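Student: Got a sequence here, can you build the structure:
(one chain, ligands or ions: 1)
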Amino acid sequence: MPSAIFTFPKKFLWGTATSSHQVEGQNKNNWTAWEAAPGKILNGDVSGLACDWWGGRWREDMDRAAETGQNTHRMSIEWSRIQPEYDRWDENALDHYREILRGMATSGIRPMVTLHHFTDPLWFTEAGGWERDDAAEIFQDYVEKTVTALKPFVKDWITINEPNVYILNGYLLGLFPPGKKLDVPSAFKALSNMVQAHAMAYEFIHRRIPDSRVGIAINYHGLTPKTNNIGDRTLTKIFDANFNNSFINAIAKGKLNFVLRSKSLRKAKGTMDFVGLNYYTASQVKLSAYANQFLSFPEGVTLSDHKFMANQPESFYQALEWAASYGKPVIVTENGIENADDSLRPVYLADHLAQLWRAWNANLPIIGYYHWSLVDNFEWERGWSYRFGLWGFENATQKRIRRPSVDFYEQICKKNYIDSEDVAKYAPQSYDRLFKN
Ligand code: BGC
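Tutor: You can find the predicted model right below:
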């Protein structure tokens, strides 16, 4: 008998998350164009074949997920495959997704499907993309086609993944297509169109599938002022309001506020059945003359391979409280760390799941957890050197490599609890933190 056990609620969703462009391979969308342009992706990497899910390797990865106790998987549908041209639908692509979903059902994996995860068809972006006045209507055609086709297989839907990251990287930092920098008017336009697109999708999915659950996935970045100075405190509030809160408040309350602009979007009010929380890390905020010094990690925290994130589980707890404050069930739709040799992942996992358990014990309505990710995949502008998978991946051979985190997560998923013996075995550095107080 283990000496201590953190038990999760019955029917808890235990899974992993992926997205179409990051795993499918052979895509033809605005990201493949972006990857082909010089200097956009670290080391000039391209998504290429990715994890070859389009070629059929989704099956072996889903088998791995099912065999290791996962009961759900969050995946996304690639808009550019379903609608390769404005006036052309690809029924074969829909069939391919149906085949994947059928395969998941056979293995006992409940799907959660994201309709938009960062990528757009080229014809859409070339015609103005999310800044177009009719962007939401155009997106809605794709939503209606896809939801109707996949209706028998899917109850849990995410309309748009991390609209806050799409806007930040695409319109303010220039890291994602369309590559605009500090273009607040365009950012506002695109954001308000995404809110409307979400609301229309929400209504449609509910009409078609009355017992569906529809939500968004927001990237919540923990933010605290570095000092008590008014400058640091004000900047923290500005980042928090615009990055963490603008989209979710718009769909909770029907009003979008973003960088001194606002718009009433009444139809969007109340269009979420759950809050999808993507949480990775937290930063301290400092007002500085140099924008690249605004955010930093506290001294002494453990950093990921490329210092992209820090292990800050207490801030995950705050993120869960934030998510629960919207009065809906909370699903952790992404959480994970880039760490190729797996020396940190088990610790990160143990520390974060302990906070998840603590939050559930404090009565926060948490119903599921999706680890990012099942297998290493194409990490956007950071290419292939950032490794987030439970399974490692060898690009040249498509070989999957079982990291120790697979075994640890398997124990948790199968038992529906974390126990002190598994923590002692897989994440000994977390043991005292979790069990000695
Ligand atoms: C995104 C994923 C990405 C992950 C790790 C999230 O912002 O939704 O697509 O791979 O973070 O950076």
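
Student: mind checking pLDDT for the residue in the stretch 1-150 of the chain that the ligand sits nearest to?
Tutor: Going by Cβ to the nearest ligand atom, the ligand is nearest to residue 19 of the stretch 1-150 of the chain, at 5.1 Å. Every residue, glycine included, has its C-beta placed from N, CA and C. Predicted confidence (pLDDT) at residue 19: the value is 99.

Student: Show me where the chain dips below the pLDDT cut-off.
Tutor: Under the criterion pLDDT under 70, the flagged ranges of the chain are 1, 437.

Student: and if we set it to 80?
Tutor: Scanning the chain for pLDDT under 80 picks out 1-2, 437.

Student: Counting neighbours, what do you get for residue 86?
Tutor: 11 (other Cβ atoms under 10 Å).

Student: gap between residue 413 and residue 237?
Tutor: 38 Å (Cβ to Cβ, to the nearest Å).

Student: Neighbour count: those two, which is higher?
Tutor: A count of neighbours by other Cβ under 10 Å puts residue 413 above the other of residue 413 and residue 237, at 22 against 13.

Student: Give me the phi and psi angles of the more buried one.
Tutor: phi -60, psi -40 (degrees, to the nearest 10).

Student: Residue 362 too?
Tutor: Dihedral angles for residue 362 - degrees, to the nearest 10 - are phi -90, psi 20.

Student: Now do the longest helix along the chain: which elements does it pack against?
Tutor: When the chain is parsed with DSSP state H, its longest helix is helix 184-208. Where contact means 3 or more Cβ pairs under 8 Å, 6 or more residues apart in numbering; DSSP states H and E, helix 184-208 is packed against helix 135-150, strand 156-161, helix 163-167, strand 213-225, helix 246-253, strand 255-258, strand 261-264.

Student: So which bits of that helix are buried?
Tutor: By neighbour count on 16 or more other Cβ atoms under 10 Å, the buried set for helix 184-208 is 184, 186-202, 204-206.

Student: where do the helices sit along the stretch 1-150 of the chain?
Tutor: For the stretch 1-150 of the chain, the helices defined by DSSP state H, counting those that start in this stretch occupy 20-23, 30-36, 58-67, 79-82, 91-106, 122-126, 135-150.

Student: looking at the ones you listed, which is buried most?
Tutor: For these, average neighbour numbers computed from mean count of other Cβ atoms under 10 Å are highest in helix 20-23, which has a mean of 25.

Student: who's in contact with that one?
Tutor: 27, 29, 31, 47, 50-51, 53, 58, 61, 75-78, 81, 117-119, 373, 375, 377-380 (Cβ atoms under 8 Å, 6 or more residues apart in numbering).

Student: Where strands are concerned, which of these count?
Tutor: Among the contacts of helix 20-23, the residues falling in strands (DSSP state E) are 75, 76.

Student: Give me the subset of the contacts of helix 20-23 that also touch the ligand.
Tutor: With Cβ under 6 Å from any ligand atom as the criterion, those include residue 379 near the ligand.

Student: okay but residue 102 is in contact with residue 153, surely?
Tutor: Yes: contact status for residue 102 versus residue 153: in contact at 6.9 Å, counting by Cβ atoms under 8 Å.

Student: hey, what's in contact with both of these two?
Tutor: Both residue 102 and residue 153 lack any common contact, where contact means Cβ under 8 Å, 6+ apart.

Student: Just give the strands next to the helix or strand residue 282 falls within in its sheet, each with its orientation.
Tutor: Following DSSP states H and E, one finds residue 282 within strand 274-285. With DSSP bridges as the test, strand 274-285 is paired with strand 213-225 (parallel), strand 295-296 (antiparallel), strand 330-334 (parallel).

Student: Turn those strands into JSON lines, including distance to the ligand and mean neighbour count.
Tutor: Shown next, in JSON lines, are the strands paired with strand 274-285 (distance: least, Cβ to the nearest ligand atom, whole Å; neighbours: other Cβ atoms under 10 Å):
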{"stretch": "strand 213-225", "distance to the ligand": "5", "mean neighbour count": "23"}
{"stretch": "strand 295-296", "distance to the ligand": "15", "mean neighbour count": "16"}
{"stretch": "strand 330-334", "distance to the ligand": "6", "mean neighbour count": "27"}
